[in-house]
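> 3D, please:
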Amino acid sequence: MRYFLTFACYGAHFHGDESGSVDRHHNQFGARVVEADPRRIEAECRSMKQPSYELDQDSRTVVLKTLQEVCGHRGWNLIAAHVRSNHVHVIVEAEEAPEKLMTDFKAYASRALNGHKRGEQGRKRWARHGSTRWLWKDQDVRGAVRYVVEEQGDPMAVYLGSVP
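Down below sits the predicted model:
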């Protein structure tokens, strides 16, 4: 199966943000996104245990290299990836559930960042869960790759493998 996974850095995006978000009550295909709600954003900010996390250029490079290593070790096909300052996009092909892939990517990236950024062990780096989209057709994969590689603004840490 092919998936388009997105996960955000801790504190980078809140439910109720004007740009739209999905929570457990709005997580169905075709469902409306959570409506803008400044009070919900405020409440989520107050509940944060640590400051927001952002990836600098060196950290983005570490995360991208880790994504490639995890895919190589697990036998997954990394089609494309773009590590941004506050979120990560991954298009991958694997015979695993997308939630497992996302969990592994986050865990190994955190471990690599702990080695890279001494003194930051225990740092919250990722928001809980993320977005897992199934890409059923080759055209879906190509559209996702175009979005990830070409439509994210200035390229940061980008990987582009073979696209169907």
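
> for the chain, which spans come out with low pLDDT?
Along the chain, the parts satisfying pLDDT under 70 run over 13-38, 40-48, 118-119.

> try 80 this time
Scanning the chain for pLDDT under 80 picks out 11-51, 117-121.

> could you pull out the strands for it?
2-8, 77-83, 87-93, 131-134, 157-160 (DSSP state E).

> looking at the ones you listed, which is buried most?
strand 87-93 (a mean of 24; mean count of other CB atoms under 10 Å). To be clear about C-beta, it is placed using only N, CA and C from the backbone, and glycine gets the same treatment.

> got a list of contacts for that strand?
Outside strand 87-93, the residues that touch it by CB atoms under 8 Å, 6 or more residues apart in numbering are 1-9, 12-13, 63, 67, 71, 76-82, 101, 105, 109, 135, 141, 144-145, 147-148, 152.

> residue boundaries of the helices in this protein?
For the chain, the helices defined by DSSP state H occupy 38-47, 57-74, 98-116, 138-150.

> now the second one against helix 98-116, angle please.
Computed with axes from the mean of the first three to the mean of the last three CA atoms, to 10 degrees, the direction of helix 57-74 lies at 130 degrees from that of helix 98-116.

> Buried residues in helix 57-74, which are they?
Using 16 or more other CB atoms under 10 Å as the test for burial, helix 57-74 gives 59-60, 62-67, 70-71, 74.

> Great, nothing more from me.
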